[in-house]
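Trainee: let me see the structure of the following:
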Amino acid sequence: MSAPLKHPNAVVLQPPTVTISPLIRFGRYAALSLGVVYGFFRLRQIREYHADIREWDHEKAVAAAEEAAKKKKWLAKDEMRYLMQVVNIPFEEGVKQFGVADLYKED
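Mentor: Numbering: from 1, shown residues only. Sure thing, here's the model as predicted:
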């Protein structure tokens, strides 16, 4: 068996001339490990914070939607009352004729 041929474009690196102290290597890997652990805990904190913000925004949106629905119903009531006045129909009869009894039900 012969040795495998090297690719003609292969990069040949010389061995390093400076050796790095094992203490420095340990310090580098320790710093890297601490950074990863800190990142994990920090990401968890940020997720919890943003979950609270999303919940608060959702509550605000629900309240705004409920308020908009109430306002829409009030406007529809006022519009029907105005229409009944313009057409000169009594209120009770107008509610029956226009079929809008559900607008005037108490919630």
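Trainee: please name every helix or strand in contact with the worst-scoring helix or strand of the chain on mean pLDDT.
Mentor: When the helices and strands of the chain are scored by mean pLDDT, DSSP states H and E, helix 91-98 comes last with a mean of 76. Where contact means 3 or more CB pairs under 8 Å, 6 or more residues apart in numbering; DSSP states H and E, helix 91-98 is packed against helix 22-87. Any C-beta I mention is one placed from the backbone N, CA and C, and that applies to glycine too.
Trainee: by contact count, what packs against the helix it packs on?
Mentor: If you count contacts as 3+ CB pairs under 8 Å, 6+ apart, helix 22-87 packs onto helix 91-98.
Trainee: contacts for the helix it packs on, please.
Mentor: 80-81, 83-84, 87, 89, 101, 104 (CB atoms under 8 Å, 6 or more residues apart in numbering).
Trainee: neighbour-wise, which one of those leads?
Mentor: Met84 (19 neighbours; other CB atoms under 10 Å).
Trainee: could you check how far that residue is from Lys71?
Mentor: As for Met84, its distance to Lys71 is 21 Å (criterion: CB to CB, to the nearest Å).
Trainee: try Ser33
Mentor: Noted for Ser33: a distance of 57 Å to Lys71, by CB to CB.
Trainee: for Met80, same thing?
Mentor: From Met80 to Lys71 the distance is 15 Å (CB to CB).
Trainee: for Pro15, give me phi and psi.
Mentor: phi -60, psi 150 (degrees, to the nearest 10).
Trainee: burial count for it?
Mentor: Applying the criterion other CB under 10 Å, we find 5 residues in the vicinity of Pro15.
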